[in-house]
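Asks: Got a sequence here, can you build the structure:
(one chain, ligands or ions: 1)
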Amino acid sequence: MGFKDNIRRKENISIIGFMGSGKSTAGKILAKKIGFLYIDIDTVIELSEGMKISRIFEEKGESYFRKVESEVIYKIYNNTGCVFSCGGGVILNEKNMDMIKKSSIVVFLSVNAETVFERLKDEENRPLLARGDREKIIKDMLDFRQPLYLKYSDIAIDANSITPNEAAKKIIGEIKLKINS
Ligand code: S3P
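Replies: Next up is the predicted model:
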């Protein structure tokens, strides 16, 4: 049985991790390398709501966003053969993760606070980082979330000093190892 067939037994790959961990870029490259369809959950939310994430937060609030995020997850996880990149807060809701884990190998791209701060310096579509002292917000959120990312992931990759292409290659390598072990 080939690599693809083996992955297909789990059917999808989902990438989780903090904002700025490179989920989208690595996910796109990964999907291309293995012939899967790439789906960015935040993009699906923006398309279904007809507005940018930052505007959804501004006009309707975070709890509304979380509700839509869960609805989108429930709808799109009926697909197979996909690489999904998930929003950084997906791990806050256990039901999201139950749904995601049913059909996915879950890959966590791990980054530290310094990396996030540096990568998102000029970013404007991350409403949660626009609520005060960015450095402190990132640190506090990461401290709270790190155990959750670890709890839900099958594979964790240190993504601090690798390119998205290297991350994609590492994901393939780690999945192969898992499959063969
Ligand atoms: C969020 C991360 C964002 C987006 C929203 C909330 C979070 O996605 O879903 O702004 O709670 O960490 P990215 O991780 O793709 O930036």
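Asks: only C-alpha atoms for contact and neighbour calcs from this point on.
Replies: OK.
Asks: average model confidence for whichever helix or strand Phe117 is part of?
Replies: Assigned by DSSP states H and E, Phe117 falls within helix 113-119. Averaged across helix 113-119, the pLDDT comes to 96.
Asks: Do it and the ligand come into contact?
Replies: No: if you take CA under 6 Å from any ligand atom as the test, helix 113-119 misses the ligand, and the best it gets is 10.4 Å.
Asks: Now that helix: buried residues?
Replies: Using 16 or more other CA atoms under 10 Å as the test for burial, helix 113-119 gives 113, 116-117.
Asks: Stretch 17-25 vs the ligand: in contact?
Replies: Yes: if you take CA under 6 Å from any ligand atom as the test, stretch 17-25 does meet the ligand, through 18-19.
Asks: Off-centre distance for that stretch?
Replies: On the basis of CA atoms, centre = their mean, to the nearest Å, stretch 17-25 sits 6 Å off its chain's mean C-alpha point.
Asks: and Phe65, that one's in a strand?
Replies: No: looking at Phe65 with DSSP: H, G, I helix; E, B strand; the rest coil, it is helix, so not inside a strand.
Asks: moving C-terminal of the worst-scoring helix or strand of the chain on mean pLDDT, what's the next helix or strand?
Replies: Counting by mean pLDDT, DSSP states H and E, the weakest-scoring helix or strand in the chain turns out to be helix 3-10, with a mean of 63. Read in the C-terminal direction, the helix or strand following helix 3-10 is strand 12-16, with elements assigned using DSSP H and E.
Asks: helices and strands around the longest strand seen in the chain, which ones?
Replies: Counting residues, the longest strand in the chain under DSSP state E turns out to be strand 104-110. The contact analysis (3 or more CA pairs under 8 Å, 6 or more residues apart in numbering; DSSP states H and E) places strand 104-110 against strand 12-16, helix 134-152, strand 155-158.
Asks: Of those, flag the one that's most buried.
Replies: Greatest average neighbour count among these goes to strand 12-16 (a mean of 26), per mean count of other CA atoms under 10 Å.
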